[in-house]
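Visitor: prediction below, plus the sequence it came from.
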Amino acid sequence: MGGIGTFSRENRTLYAGRVPTDRQGRDLEEAARRQFGEFGAIDYVRVLQGRNCLFVKFRLRACAEFAREALMCQVRGRCCCRSAGGAEGCR
């Protein structure tokens, strides 16, 4: 069985959209590390310049799941979060 919510696939990455454009590059990455770091250790943050979004990969799946549930459809500094592997999220 596959698809959204599957236990057979390890997903530790979160997508954050509607990222404010007042920060760029390294500054935005550091801000994301501070905000998402509250939920656990982060492997990397990837900022997509010009697309107003970023991806955060956590070291542990449990941390990613906790952050996803805590931030689902929450606006944090005008930023909306959802799982990178799923189609569900803010609409």
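Guide: Cool, got the structure.
Visitor: so who does the nearest residue to Leu54 once chain neighbours are set aside touch?
Guide: Among residues not flanking Leu54 along the chain, Val47 sits closest, at 4.6 Å (Cβ to Cβ, 6 or more residues apart in numbering). Every C-beta, even on glycine, is put in place using the N, C-alpha and C of the backbone. Remark: with contacts taken as Cβ atoms under 8 Å, 6 or more residues apart in numbering, Val47 is in contact with 19, 25, 28-29, 32, 54.
Visitor: Phe39 touches Cys63, doesn't it?
Guide: Yes - between Phe39 and Cys63 there is a contact under Cβ atoms under 8 Å: 5.2 Å.
Visitor: what do these two both touch?
Guide: Common neighbours of Phe39 and Cys63 (Cβ under 8 Å, 6+ apart) do not exist.
Visitor: the strands in the protein, which residues?
Guide: Assigned by DSSP state E, the strands in the chain fall at 13-17, 42-48, 53-58, 80-83.
Visitor: figure out which of the ones you listed is closest to Ala70.
Guide: Counting by Cβ to Cβ, Ala70 lies closest to strand 80-83 out of those; the figure is 8.8 Å.
Visitor: quick check: closest non-adjacent residue to the residue most central in space within the chain.
Guide: Nearest to the mean C-alpha position of the chain, by Cα atoms, centre = their mean, lies Leu14 at 2.9 Å. The spatially closest residue to Leu14, leaving aside those adjacent along the chain, is Val56, at 4.9 Å (Cβ to Cβ, 6+ apart).
Visitor: how about Leu48?
Guide: The spatial neighbour of Leu48 that comes closest, neighbours along the chain excluded (Cβ to Cβ, 6+ apart), is Leu54 at 6.5 Å.
Visitor: list the contacts of the one you found.
Guide: 15-16, 19, 28-29, 32, 45-48 are the contacts of Leu54 under Cβ under 8 Å, 6+ apart.
Visitor: what about Arg26, distance to Arg9?
Guide: For Arg26, the distance to Arg9 equals 31 Å [Cβ to Cβ, to the nearest Å].
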